[in-house]
Structures are given as C-alpha cells and as structure tokens.
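**Student:** The sequence and its predicted three-dimensional model are supplied below.
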Amino acid sequence: NVEGDTVLLYFYSPMTLFGSITDDVYEQVREQAETEPEKFNNRIYLEELNDTLKEKLSKLVVRKNNNVIYNSTGLSSTELINILPEYEIDGSNIVDVATYKGGSYHSLIKQVDFTDDFGNTYSVSILTSVKQSVPQIRHMIVELIVVIILILAITSLILNLWIYSSIIKPVNKLKLATDNIKEGNMDFEMPKVSNEIGDVCKDFEEMRLILKKSSEDKLQSDKEEKELIRNISHDLKTPLTAIKGYVEGLRDGIADTPEKQAKYVKTIANKVNDMDKLIDELTIYSRLDANRVLYTFVKFDVSEYFDDCCDEIGTELDAAGIELNYRNHIKEPVIIAADPEQLKRVINNIISNSVKYMAEGRKGKIDIDLYDESDYVHIIIADNGKGIAGKDVSHIFERFYRTDES
C-alpha cells in the first residue's frame with residue numbers, strides 16, 4: 001500500500017525523510033505562489049513563514065528578479081549563488097526544484113520558482129541543514145528511546161504487580177490452603193478473588209467445606225461406634241454377671257432343691273434370651289448404619305394390627321406391674337402400607353425405653369391412642385415416667401444419646 005511504500009522510501013532514502021519535515025510549509029508556499037504571489041513581498045508574512053521553518057530546523061531565502069529580498073540563513077549573497085539552484089521556468093507558471101548541496105554546506109534545498117502578474121520572477125527556497133538536523137534528530141531519537149524504555153519499564157512493573165495480585169498471590173493462598181488440608185486443618189477460609197482464579201478459590205472453598213463436614217462426620221461416627229461398643233459391653237456384662245452367679249450357685253450346691261434348680265435354670269435361660277436380643281439389636285444397627293435393611297411393605301388394617309400388638313404388649317406390661325391404656329379412636333377400617341416387623345420393632349423400642357425409665361416409687365402407666373387423620377394415621381404413646389428435659393428434646397433422634405450418661 002501507499003503508506004508501506006512511503007515507510008520503505010524513508011528507510012532507503014534519508015534525504016526523502018529530511019525533505020518530508022518541511023512538506024507542509026512547502027505546500028503552503030506553492031499554494032501561496034498560485035493564489036497570491038505578491039505576498040512574498042510582505043516582510044511580516046516572510047517572518048511568520050521563517051518562524052515556522054525554525055521549528056523544523058530549516059531556513060528561508062526569497063529572491064525576486066534574481067535579487068535576494070529575504071535571507072535567514074546567515075550566508076552571504078555569494079554563498080547563496082553557489083548553493084541555490086538557478087531560476088527555472090519552462091513556460092508554466094510554477095516550477096518545483098529539489099536538490100542537495102554537499103561540500104561544506106550539506107543542505108537539502110526545496111525551491112519553488114514562479115512569476116507574478118507583472119512579470120516579476122520569484123524563487124522561494126527552503127534550506128534544511130543536514131549538519132544541524134542530524135544532531136537534533138539523534139537527540140530526538142535518544143529521547144524517544146529513553147521514553148520507550150520508561151514506558152516499557154512502567155508497563156513491566158504494572159504487569160508484574162497485576163500478575164502478583166491476580167495470580168501469584170491467590171496461588172500462594174491456594175498452596176497454603178492445600179498445606180492446611182494436608183495437615184488435617186479445615187478451619188480456614190479461602191480468599192475471595194474476582195478474576196478467573198476466583199472460580200478456583202470458590203471451588204476449593206466448597207471442597208474444604210465438604211472435607212470438613214466429612215471429617216466431622218467421621219469423628220462423630222467414631223464417637224458413636226465407641227459409645228455403641230461401651231453400651232453393648234455394659235448391656236452384655238449385666239446378663240453375663242447374672243448367668244455367672246446362677247451357674248456358680250448351681251455348681252456350689254446353693255440350689256439344693258429341684259424347685260430352686262429349675263428357677264436358676266429358667267433365670268439363666270431368660271438372661272441368655274436377653275443376650276440374644278442384644279446381639280440381634282447389634283446386627284440390626286450394623287445394617288441400619290450401612291443402609292442395608294430390607295423393608296417389606298404390605299397393606300394391612302391398622303386397627304387389627306395395633307389390637308394384636310397391644311394385646312401382646314399388655315401381657316408383658318401387666319407382668320411388670322405397669323398399666324396399659326389402649327384406645328382406638330378409628331371407627332372404620334383403615335388400610336396402611338408398611339413393614340409390620342419393622343413397625344413393631346419401633347413400638348417395642350419406645351415401650352421398652354418407657355419401661356426402663358419409669359419413675360421409681362410410682363405405678364407405671366402407658367397410654368396408646370390411635371387416630372385417623374385422613375392422610376395419615378396418628379399414634380400417640382405417652383407415659384407417666386420421668387420425661388425428657390427441654391434442653392435434651394432436640395437430641396432425641398441422635399444415636400446413643402442419653403440424658404443421663406450414668
């Protein structure tokens with residue numbers, strides 16, 4: 001393209017580059033020669049033109065009828081005759097002349113030759129001294145290089161600061177976070193970053209929260225397992241101690257009558273059954289913890305189910321001296337879908353806990369009420385035992401939680 005060609009021309013022709021410095025003034029001179037050539041007789045105009053050329057490291061010489069009428073070069077008329085091209089005219093009104101004068105002058109000369117309406121001939125010459133321009137241009141280039149270096153240094157500093165604040169600093173915090181996680185410390189918070197690394201920090205924070213919860217769940221699970229082992233050890237030790245005592249009584253002859261021996265054997269059998277139930281509960285717990293309990297849902301009449309269930313429970317409670325009040329408020333048959341075995345286990349657990357924590361010195365009483373609430377069946381089981389303190393109610397569904405550890 002034209003712009004690319006111009007750049008190449010400047011590269012291969014230094015004189016063209018120097019000449020281009022005064023192109024705008026040269027065009028102004030040529031335009032003035034075409035429209036108002038007499039203006040070159042105006043000293044003020046010539047001074048203004050010369051001031052513009054000074055800024056471009058150039059001088060102005062104006063000749064009229066081969067006589068110098070303006071000279072800002074400081075050269076004598078003889079020297080100007082040797083330097084400046086002779087007046088040229090080829091029949092046209094304006095002639096452009098460009099030449100380079102070497103020797104001791106080293107000047108690029110751009111000249112416009114023209115005539116006015118009265119036949120006067122003019123030569124307006126623009127002299128650009130290469131000897132003066134080269135140091136100036138060299139100084140300008142040095143300044144330009146210094147400015148470029150400063151710009152590059154500032155840009156590099158800004159870029160480094162941006163990289164540090166946007167990348168290196170968050171990455172260092174990520175590394176610190178990974179070190180914390182490696183050491184098992186989850187009690188820290190990831191920094192909030194707004195750039196692309198911010199998404200990584202956000203994901204890392206979510207991962208930290210998940211790992212923290214998983215670690216807490218693991219600690220809680222370990223604590224519950226230890227509590228389970230302690231409870232089972234305690235519950236197994238009680239019947240084992242009783243069995244051991246009755247076996248020693250049989251062995252030592254304390255049970256010296258058939259009636260006593262039968263009573264001892266029956267007690268031992270009951271304690272063995274208690275241990276068997278404890279082992280079954282342990283098996284069920286392990287299945288519940290592993291989420292491997294199989295449920296068999298069937299449809300049955302809820303009234304018939306609870307009638308039979310309460311008959312069985314009532315017999316056991318009556319033997320323990322506890323009063324059972326069962327009230328079925330359902331008037332018509334209601335069919336539910338449930339696992340009868342697991343539902344019975346739930347009821348038995350509630351009743352056994354009620355019996356275990358009955359208030360001493362008070363006749364125990366358990367009430368069971370059955371209601372049809374249209375969308376569901378409502379079963380209320382209440383007793384007159386110790387009750388649960390308000391501060392402990394929120395913990396009743398926590399595994400192995402006891403209001404009184406003793």
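**Tutor:** Okay, I see it.

**Student:** so where do the helices sit in the stretch 1-150 of the chain?
**Tutor:** Assigned by DSSP state H, counting those that start in this stretch, the helices in the stretch 1-150 of the chain fall at 2-12, 14-20, 23-35, 43-54, 77-83, 130-163.

**Student:** now the last one, how far from the centre of its chain.
**Tutor:** Spelled out, that is helix 130-163. Relative to the centre of its chain, helix 130-163 is centred 40 Å away, using Cα atoms, centre = their mean, to the nearest Å.

**Student:** mean confidence score for the helix or strand that it is followed by?
**Tutor:** Going down the chain from helix 130-163, the next helix or strand is helix 169-182, by DSSP states H and E. The average pLDDT within helix 169-182 is 73.

**Student:** just stretch 273-287 next, same as before
**Tutor:** Per-residue scores along stretch 273-287 average to 75.

**Student:** How about stretch 210-230?
**Tutor:** 77.

**Student:** show me the contacts for the residue nearest to D113 when sequence neighbours are not counted.
**Tutor:** With sequence-adjacent residues excluded and distances taken as Cβ to Cβ, 6 or more residues apart in numbering, D113 is closest to V95, at 4.3 Å. Heads up, the C-betas are built off the backbone N, CA and C, glycines and all. Shown in contact with V95 (Cβ atoms under 8 Å, 6 or more residues apart in numbering): E88, I89, V112, D113, F114.

**Student:** make it 10 Å
**Tutor:** Residues near V95 by Cβ atoms under 10 Å, 6 or more residues apart in numbering: A33, P85, Y87, E88, I89, Q111, V112, D113, F114, T115, S123.

**Student:** Quick check: the first one touching T121?
**Tutor:** If I follow you right, that is A33. No - look at A33 against T121 with Cβ atoms under 10 Å: they stay out of range, at 11.4 Å.

**Student:** Neighbour count: these two, which is higher?
**Tutor:** A33 (21 against 14; other Cβ atoms under 10 Å).

**Student:** How many neighbouring residues does the closest residue in space to the more buried one that isn't next to it in sequence have?
**Tutor:** Spatial nearest neighbour of A33, chain neighbours left out: F114 (4.3 Å); criterion: Cβ to Cβ, 6+ apart. For F114, the count of nearby residues is 23 (other Cβ under 10 Å).

**Student:** what about F114, distance to P85?
**Tutor:** 14 Å (Cβ to Cβ, to the nearest Å).
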